[in-house]
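>>> Below: sequence and its predicted model.
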Amino acid sequence: MKEVKFEGLSKKIKTIEIDGENLKIKPKRKDVEMFATLSREKFSKEDSANITEIMINMVSRANPEANKEDIEAYVVEHYGQLILKLATIFRFATEEKVKKEVDKFREKKSD
């Protein structure tokens, strides 16, 4: 069995694919914790704002040369795709499970 290597993990930058392009992200513990919020039945506007800020920060940390306003615009434009990719990269769910949850949320919101 292969041994777990910890060296360098705190500096590691991950890459996810969004709309056919590679996006660099640098997640931290607090970023992963946002998925606890997503698993609740209800979440507030404050929860949503925190999730958005976390996604902006993950992208900003991995792309320090980029304009933060441009990163924010990118996150807004790709919000749903980012949530799906992050849920799967952090192994909280399969893409199908996350899509079901998003659909359930949209149905409740439209009621």
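Nice, thanks for sending it over.

>>> Give the next helix or strand downstream of the lowest-mean-pLDDT helix or strand in the chain.
Lowest by mean pLDDT, DSSP states H and E among the helices and strands of the chain is helix 34-38, with a mean of 69. Going down the chain from helix 34-38, the next helix or strand is helix 45-62, by DSSP states H and E.

>>> now the residue nearest to L82 when sequence neighbours are not counted: how far from A62?
Ranked by Cβ to Cβ, 6 or more residues apart in numbering and with sequence neighbours excluded, the top spatial neighbour of L82 is M55, at 5.4 Å. In short, each C-beta sits where N, CA and C put it, glycine included. As judged by Cβ to Cβ, to the nearest Å, M55 and A62 stand 12 Å apart.

>>> Looking at these two, which one has more neighbours?
M55 (24 against 18; other Cβ atoms under 10 Å).

>>> so where's this protein uncertain?
For the chain, the stretches flagged by pLDDT under 70 are 35-43, 105, 109-111.
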